[in-house]
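generate coordinates for the sequence data below:
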Amino acid sequence: MAGGGFGDRALASAVIAALVICGLYVGREIFVPIVLAVLLSFVLAPLVDILERWHFPRFASVPVVVLLAFIAIFALGGLIVREVRGLADSLPSYQQTMQQKIQSLRALTATGPLDRAAEILQNLGKEISGPQSPPPPAEISPSSRTAEPVKPIPVEVRTPPQSALENISALISPLLHPLATIGIVVVFVIFILFQREDLRNRFIKLAGSNDLQSATAAIDDAAGRLSRLLLMQVLLNTGFGVIVASGLLLIGVPSAILWGILAAIMRFVPYVGPFIAAFFPLTLAVAVDPGWSMLLWSGALILLTELIVGQVFDPLLVGHSSGLSPVAVVVSATFWTALWGPIGLVLATPLTICLVVLGRHVEQLRFLDILLGDRPALSPPELFYQRMLADDPAEAVEMAEKFLKERSLAEYYENVALKGLMLAQADLKRERLLPDRVAEIRDSVAEVIEGLASEFDDVLGNAQTKEDDDASDVTADAPMPELPFIIREGLPADWQADHPVLCVAERSDLDQAAAMFLAEILSKHGLGARAASKEETSTSGIFHLEASGVMLVCISTLDDGSPAHTRHLVRKLRRKMPQARILVCCWGCTNSGMAREHLKADAVAENLGEAAAYCLSLVDQTVAQDGVHETGVIPRVRHQPLPVARQKQPAAEGRHGMNDRR
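I've put the predicted structure just below:
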């Protein structure tokens, strides 16, 4: 039944998508002006706001802005017509130069014997495929000599002269469609600018009236982003076109203003737009200049200008990315061009950006952001878990190295790897993960830790993260507390063993993988630690567990559903190692039964930061109690009390509230 319901929904979605695409194609005469009006209103809205801040009423500011905008558009169109007409008149004068260029290219590509061989082959081909010799003429009978062929009578069709009304109609009809399109655009732009608040409220009602605060913030943010993005793109592309036109004019390329306008328009098409626009002036440079210097200078001008604008000003004013994936750019350009022709190619990227921004803020349209946006479809924890399922630790290490350029190794284990194991634990509880796959995940985690073993856990160097509105969920997490670094030689003898900290798994291989994360963090900070497998803490294996030199035991568990099992393991470890403190690390604990008093443990931690801070501060307390005042613990910035795991103890039990059972 569930499969049938999913199939019905998929079929319904496919039918709706097909109907929408057909509607866009059939109604392109209506939709193209509306889309142009919407995009133009996003560009003109900041100008209207500026006039309103200058105390211009809206009924005056909107017509003024629209009038100025369309005066500029008509002036641009008139300039294009004039340049095209001048180019058409001058093209015949370039014919001789083109013939000379072709002859010179032939001379350069002539290859002597090869050229003669090609000519011989061409002649042989003509002989083989040529017509056969005509047969000898037959005897002509006397009767046929007297017969004369009948000639057809030529017929000439003459159209009557057109009347004055027909002449006027023939003159006006080509202009009706552009004028109608411009009229629709003008009407919709004025309507949208006048009724912005009303349209926003109606869209909020459609998007989600149950949460007005979130819907309002999303709509305002989306509208503001689109306005800034499109306005900055218009300004940048205009500047690009002005530079290209000025440079081509100095070089001497004819119709330089036309090519500058074309470059500005085509730059709305990412990746290939500037190269398409460059094809025409470069071809004209070949036809005009008898040599090749004009071609080289023109190509260098367009390439250098595109590099400067694209690599310097685009990231500075627009952002490092348009928010679209490269595949989405190509697909959207193909899709809208097939639907709406050349105008669709120009509108493809701005229109797709609008859809992606709306998809990031409107839950019902989120699929657009997933399909077309440049943000990863999977979050970093999901991607880590997926790589572990695919048994691909190498790619996980590569992604971790990118993360470590901005954050510390401990934060990667905390915010990415451990959360990925929590996703695996959720699948394990739902019985969607087989036990043998769990063991494979543990082995892959061990390979990831080994691959990152050479990474230095530099907290300060990676503390500053980039501020990005589209940052992932991981970068939004609070950073881990500052963890001190320990010099083993300054510690008491009990803590100078190879592994004074033992991290044990409660029951599953996933618990062991999480224990390996904690052991690696502690080892990076100078405190010897090792991770024991689940077999070593089993009923039969705990008797053979190596307990010599262990001062602290950290129990790792990802499942907080059974405190009784954790409490039983705590009792077994106390009997095995009565001298050791016991810390229960219940990762992402939500069960109130996993409290320290219920588990009979010394402390409980919910994340790697708390657990590592507790272990290192416990060593710090031991140093202070034993009277060691040398460089036992060296904080990265200053020596200060560190946040420790949750524990409620009387104030007289020590500086950090530790429960000293000894």
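
P161 belongs to a helix, doesn't it?
No - using DSSP: H, G, I helix; E, B strand; the rest coil, the assignment for P161 is coil, not a helix.

remind me, longest helix of this structure?
Ranked by residue count, the top helix of the chain under DSSP state H comes out as helix 212-251.

just give me how far that one sits from the chain centre.
Distance, stretch centre to chain centre, for helix 212-251: 19 Å (CA atoms, centre = their mean, to the nearest Å).

for the helix or strand in which G77 is found, give the mean pLDDT please.
In this assignment (DSSP states H and E), G77 forms part of helix 58-90. Mean pLDDT, computed over helix 58-90, is 86.

and it, what does it pack onto?
Counting contacts by 3 or more CB pairs under 8 Å, 6 or more residues apart in numbering; DSSP states H and E, helix 58-90 packs against helix 28-53, helix 164-194, helix 256-266. C-beta here means a position set from N, CA and C on the backbone, and glycine is covered the same way.

so the shortest one versus helix 212-251, what angle?
Here helix 256-266 runs at an angle of 160 degrees relative to helix 212-251 (axes from the mean of the first three to the mean of the last three CA atoms, to 10 degrees).

mean confidence score for stretch 483-491?
On average, stretch 483-491 scores 74.

which residues of the stretch 401-550 of the chain fall in helices?
Using DSSP state H, counting those that start in this stretch, the helices of the stretch 401-550 of the chain run over residues 409-412, 418-429, 435-451, 509-524.

to F31, which of those helices lies closest?
For F31, the closest of the helices of the stretch 401-550 of the chain is helix 418-429, at 42.3 Å, according to CB to CB.

residues near the nearest residue to R225 once chain neighbours are set aside, how many?
Spatial nearest neighbour of R225, chain neighbours left out: V357 (5.6 Å); criterion: CB to CB, 6 or more residues apart in numbering. By other CB atoms under 10 Å, 23 other residues sit near V357.

likewise A60?
Neighbours around A60, by other CB under 10 Å: 11.

same check, this time on L434
Neighbours of L434 using other CB under 10 Å come to 11.

same check, this time on D89
9.

equivalent analysis for S562, please.
15.

one more: I190?
I190: 18 surrounding residues under other CB under 10 Å.

could you find the residue nearest the spatial middle of the protein?
With distances taken as CA atoms, centre = their mean, D374 lies nearest the centre of the chain, 1.7 Å away.

my read: R507 touches S556, true?
No - counting by CB atoms under 8 Å, R507 does not reach S556; the two are 9.9 Å apart.

compare the two (neighbour count), which wins?
S556 (31 against 18).

in a helix, the more buried one, correct?
No - if the criterion is three-state DSSP, then S556 is strand and not within a helix.

can you pull the pLDDT of L502?
On pLDDT, L502 comes in at 90.

from M294, how far out is A417?
59 Å (CB to CB, to the nearest Å).

so how far is stretch 283-290 off the chain centroid?
41 Å.

same thing with stretch 386-402?
19 Å.

just to revisit the earlier point, for the helix holding G77, buried residues please.
Neighbour-count burial for helix 58-90, counted by 16 or more other CB atoms under 10 Å, picks out 61-62, 65-66, 69, 80, 83.

run the angle between that helix and helix 28-53 for me.
Going by the same axes, to 10 degrees, helix 58-90 makes 130 degrees with helix 28-53.

low-confidence ranges in the stretch 451-600 of the chain?
456-481, 490, 539, 541, 560-561, 590-597 (pLDDT under 70).

do that again at 90, thanks
The stretch 451-600 of the chain contains residues with pLDDT under 90 at 451-500, 504-509, 511-512, 521-552, 555-600.

how about the stretch 301-450 of the chain?
Applying pLDDT under 90 to the stretch 301-450 of the chain picks out residues 306-380, 382-383, 387, 389-415, 423, 425-439, 450.

could you chop this structure up by domain?
380-451, 485-653 (automatic domain parsing).

which of those domains sits closest to D289?
If we rank the domains of the chain by CB to CB, the stretch that ends up nearest is domain 380-451, at 47.9 Å.

quick check, distance from that closest one to the centre of its chain.
On CA atoms, centre = their mean, the centre of domain 380-451 falls 22 Å from the chain's centre.

try stretch 201-208
Going by CA atoms, centre = their mean, where stretch 201-208 is centred and where its chain is centred differ by 27 Å.

just give the nearest non-adjacent residue to the residue nearest to the centre of the chain, would you?
S325 (4.6 Å).

what is the burial count for that neighbour?
19.

also L295?
20.

correct me, but it touches P281?
No - if you go by CB under 8 Å, L295 and P281 don't touch, sitting 9.5 Å apart.

one step back: of all the helices of the stretch 401-550 of the chain, which one is nearest V604?
Among these, helix 509-524 sits nearest to V604 (CB to CB), with 13.8 Å.

wait, the residue nearest to D374 touches L372, no?
Yes - counting by CB under 8 Å, L372 is a contact partner of S325 at 6.7 Å.

neighbours of G528, how many?
Quick note: G528 (other CB under 10 Å) scores 17 neighbours.

kindly report the same for K534.
19.

check what pLDDT H55 gets.
With respect to pLDDT, H55 has a value of 85.
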